[in-house]
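Asker: Here is my input; please provide its structure:
(2 chains)
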There are 2 protein chains.
Amino acid sequence: MRVSQILNPTLREVPAEAEVVSQKLMLRAGLIRKAAAGVYTYLPLGLRILKKIEQIVREEMDAKGGQEVLLPIIQPAELWRETGRWDVYGPEMFRVKDRHDREFCLGPTHEEIVTDLVRGEVRSYKQLPLLLYQIQNKYRDERRPRFGLMRGREFVMKDLYSFDKDEAGLAESYQKMYNAYTRIFSRCGLTFRPVEADAGAIGGSGGTHEFMVLADSGEAAVVYCPDCDYAANVEKAECQPQPIKSETVREDYSLVETPHMKTIEQVSDFLGLGQHELVKSMLYQGDEQIFLVLVRGDREINEIKLNNMLGPFVNLQLADPEVVRQTLGCEPGFVGPINAPKDLKIVADLEVSLMKKAACGANQAEQHYINVLPERDFRLDQVFDLRMIVAGEKCLKCGGALKEARGIEVGQVFKLGTKYSKALSANFVDENGQEKPCVMGCYGVGVSRTMAAAIEQNNDNDGIIWPIPIAPYQVIVVPVSMKDSQVVETAEKLYEELLQAGVEVMMDDRDERPGVKFKDADLVGYPLRVTIGSKTLAQGQVEFRLRKTGEMELVKVEELTSKVQGIIAEALK
Amino acid sequence: MRVSQILNPTLREVPAEAEVVSQKLMLRAGLIRKAAAGVYTYLPLGLRILKKIEQIVREEMDAKGGQEVLLPIIQPAELWRETGRWDVYGPEMFRVKDRHDREFCLGPTHEEIVTDLVRGEVRSYKQLPLLLYQIQNKYRDERRPRFGLMRGREFVMKDLYSFDKDEAGLAESYQKMYNAYTRIFSRCGLTFRPVEADAGAIGGSGGTHEFMVLADSGEAAVVYCPDCDYAANVEKAECQPQPIKSETVREDYSLVETPHMKTIEQVSDFLGLGQHELVKSMLYQGDEQIFLVLVRGDREINEIKLNNMLGPFVNLQLADPEVVRQTLGCEPGFVGPINAPKDLKIVADLEVSLMKKAACGANQAEQHYINVLPERDFRLDQVFDLRMIVAGEKCLKCGGALKEARGIEVGQVFKLGTKYSKALSANFVDENGQEKPCVMGCYGVGVSRTMAAAIEQNNDNDGIIWPIPIAPYQVIVVPVSMKDSQVVETAEKLYEELLQAGVEVMMDDRDERPGVKFKDADLVGYPLRVTIGSKTLAQGQVEFRLRKTGEMELVKVEELTSKVQGIIAEALK
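Answerer: Coordinates of the predicted model:
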């Protein structure tokens, strides 16, 4: 391809609308254009990158026995009513009526439609496992779609759904997809980690991993162990309680004045106690019940863990001050577990149950209790791991010191179990003639999001640095002048030679200054650049440059193609 | 691929919902499944065929300098308001509101969005011509979506938009696309004709061809000349007036009783005249005017021609009986031009102006005039070609006798002119520094429709007969028994050998009776079948069969692969 022949409008200025790096660079590099909030047009180079990622995904799905299908984008409401999701999905779902007033949605996901397909086609265990996938647009009406392809309203996903006859089969399909995803992101040339994640409200039979492309700009925090393969989303990461060495308090607890002291920090300073010697008490409101939640003063509550442990639909929120007053008769800053009402459920982190001498709020303004001993002085209705982990804590698996990183979720593998197959009666007859619901899993790759994440991870001040496997073209050939016939001739010769060798090559044949060409090449992010100038050409050489490191070297014209081939072969291995 | 490994649920019964052949066979052959009215899921084999057609289309677009992009499906209403189409598009357009109540449509076509893109990126004539295309879903909320992929509500299209600096450039782009389309449908192995078509309400600077796959079940009638390359949609086909030899009438016209005679046939029988000696008079209502339209009694009015000639937005409809009574004081059966009110516009076909002695309605019940001479006895306000052509008439180009055929429209090339570029200010600066609107063309291929049309054209009682270039797999290998180890071994060997040779091969490895396998192979429509049975194998032979002709021959095992390769190479040439 030639730069003069392709619509690749690069921009020097950063568009005002852009907030994140990938968005800025994709707009500047002429890969995408905005059509509406969260809705983008892919220009030729952008589409080429997208298709490369798609193709890697497709090959890995096929390799695991995935069968590609194409499900509809517009889906009838009736199916979503059968699973109960039409009413609970909320404003994220685009809904549309046809001319006969029948309701449809623009598929945000395809569990319903694929399960409907399978219930019509699968009769026997002999037809299982069945792995169906598609690559196409998904729709989610985000409240604030503003990060380019990182969080669009129209975006490209690969979604695979597995149907198995039992949990063992599901485990196998899950592992296949886990392995396929590992290959996909490796083949894309990205640094990533599969992390244990929270199954959240999607429900399912447990077990889910998120695939995180590591990038400082990532919206998700993950912890990982450098000594073993443990890695988890902080939302999910399990904590090991860290007991504090101290004597068990013998005296009774007593009330102390803590005038104007509201925060943990203020109270610990004022009482001369470590924050780990305080009990942090927070009142949470569920749909049907109120909870008093306790963690050590130096810890944070992990609301996701809390929600999951207290039941799937408890729908917790931090209680309003008004509710605190009604329930405990005090302001939020002075809440504590001692003498809490009997119908209030007290839920504590594991570490709280190990405290031997503590201070806590007294449910009275400006007062705290000291010398408190959990279970002696207040009851614990439920005790479990409900806190946020922090870097440096011990890995549950191997004891190594955990590290924290930021990540961008680009894939998720998920055990659904029988939620959808039961709701839609997607049954099969097993070896013993028994009818059973299929056991399902779902597995998504954000294809357009992977493109954005790749940029978030691989960029510098000059632009994008594409990993070779997903670069729009692997090499750009830059003749420094279009007026020097020998330079142009050599450039054309090398261009042809590289094409013949199966290299994906772009030729910057524009009559522009070399500076303009170099800037564009860096911005678009071609991994390899070959510059043909008259000076080096006089020595029979061209300049070869790696975008990633900026390394340059002079290479003999006749050795250029095999050098390029070698580097590409290495990268695609 | 192996039949046991693919979701290809064939059906013996014809699904009740199916009305046309392609729909029946696609459902029976397990290529698609219905998800909602006019909305389908593509199963693995169906998707494979779709992708093959897509790839042929893509290659031919690229060969003409087309650049592939991906435009959004959800498009903001504002753009459609700028061109005025938001309000005129009608119920065929799916409309959707986002959570902020902003209006969008699901793109039925992409002129607005692509022109919006171009107005943002194109500044100079140097950037033109620009040919942008995409392959993706389109949405049209058909009133009665009932012919499978022939007329869906969600369907796959390739649409290319050309932007040129002038009409000459447009003519060139148009010709490129015309040639590309000719190559596309040839490469698909289909019998088709490009026909002159009516530009209709889309407007534009004139000039459009439809590409018709010929099939008896086609919904469109086309005429073509077997002696030259003239071909046209009957809606558009121009007629040569066929004068009738007769003396010019000398006597005055006179009134005759025609009791109970209403139709042309009745009147001509009753009066003893040929139908070509009658004037057929029909009253049409436009939005702002009423027209009396005249053709010879043996001819039919072509309402499309009529509408186009009387102005783009005249919006003609046959007048209600009530309007006939009000305008002419009689019932529809007795309408005629003599003494018609002055403000009524009389529009006649060319042949009417050549009539020398005619009969016509008298605007009185049960009466007609005879010995009528047009222009002497009634005025002709406008005369042009407004009739339907019929087979056997002379070709305007070469005089050959025209033939009629049925066709399925699978592509259209269209000169848009500056309609959209003017409305959206998609301007460029020309060589002289003048700002001008881009001159546009649009070019569509119904990709999913082509798949259906291919079946309408190529099927028999046993199922589909795929042309080799778009067959899901080119060859199916059928071992007649999975229990005969030698048969299985040879089948596996041939399967591997064909794969190695780059042939797309399916292996029917199911433990089924040969009859079941043959029936499925014929139904799905694999062009070539190789049957391995113990009897012929004892002679070192396998049975080779062409789906299209049913021809069978015995081929030596070691010669099979090269024979298959030869046939495929020929078909893909």
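
Asker: What is the neighbour count of whichever residue of the stretch 301-450 of chain A sits closest to chain B?
Answerer: As assessed by CB to the nearest CB, chain B sits closest to A:Ser448 within the stretch 301-450 of chain A, at 9.7 Å. (Glycine included, C-beta is placed from N, CA and C.) Under the neighbour criterion other CB atoms under 10 Å in any protein chain shown, A:Ser448 is assigned a count of 26.

Asker: looking at chain A, which helix or strand does the model trust least?
Answerer: Every helix and strand in chain A was compared by mean pLDDT, DSSP states H and E; the lowest is helix A:303-310, with a mean of 86.

Asker: Using PDB, list the CA coordinates for it.
Answerer: Included here for helix A:303-310 are C-alpha records, laid out as PDB according to Å, rounded to 0.1, in the frame of the first residue of the first chain:
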ATOM      1  CA  GLU A 303     -17.900  -3.900  48.900                       C
ATOM      2  CA  ILE A 304     -17.800  -6.500  46.100                       C
ATOM      3  CA  LYS A 305     -16.800  -9.300  48.500                       C
ATOM      4  CA  LEU A 306     -19.300  -8.100  51.000                       C
ATOM      5  CA  ASN A 307     -22.100  -8.000  48.500                       C
ATOM      6  CA  ASN A 308     -21.300 -11.500  47.200                       C
ATOM      7  CA  MET A 309     -21.000 -13.100  50.700                       C
ATOM      8  CA  LEU A 310     -24.300 -11.500  51.900                       C
END
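
Asker: Next SSE downstream of it?
Answerer: Past helix A:303-310, further along toward the C-terminus, the next helix or strand under DSSP states H and E is strand A:317-318.

Asker: Sheet partners, orientation included, of that following strand?
Answerer: Partners of strand A:317-318 in the sheet, by DSSP bridges, are strand A:279-285 (antiparallel).

Asker: now for the least confident helix or strand of chain A, which elements pack on it?
Answerer: Using 3 or more CB pairs under 8 Å, 6 or more residues apart in numbering or on different chains; DSSP states H and E as the contact criterion, the neighbours of helix A:303-310 among helices and strands are strand A:382-384.

Asker: So the residue of the stretch 301-450 of chain A closest to chain B: helix, strand or coil?
Answerer: Three-state secondary structure (criterion: DSSP: H, G, I helix; E, B strand; the rest coil) places A:Ser448 in helix.

Asker: Verify the stated contact: it with A:Leu149.
Answerer: Yes. Under the criterion of CB atoms under 8 Å, A:Ser448 lies in contact with A:Leu149, with a separation of 4.7 Å.

Asker: what residues are up against the residue of the stretch 301-450 of chain A closest to chain B?
Answerer: For A:Ser448, the residues meeting the contact criterion (CB atoms under 8 Å, 6 or more residues apart in numbering or on different chains) are A:Leu50, A:Leu149, A:Gly152, A:Phe155, A:Val156, A:Met157.

Asker: nearest residue to A:Ser186 other than its sequence neighbours?
Answerer: Among residues not flanking A:Ser186 along the chain, A:Phe192 sits closest, at 7.9 Å (CB to CB, 6 or more residues apart in numbering or on different chains).

Asker: State whether the one you found and A:Ala215 are indeed in contact, as I suppose.
Answerer: No. In this structure, A:Phe192 is not within contact of A:Ala215 by CB under 8 Å, at 9.7 Å.

Asker: any residues in contact with both of these two?
Answerer: Jointly contacting A:Phe192 and A:Ala215 under the rule CB under 8 Å, 6+ apart are A:Gly407.
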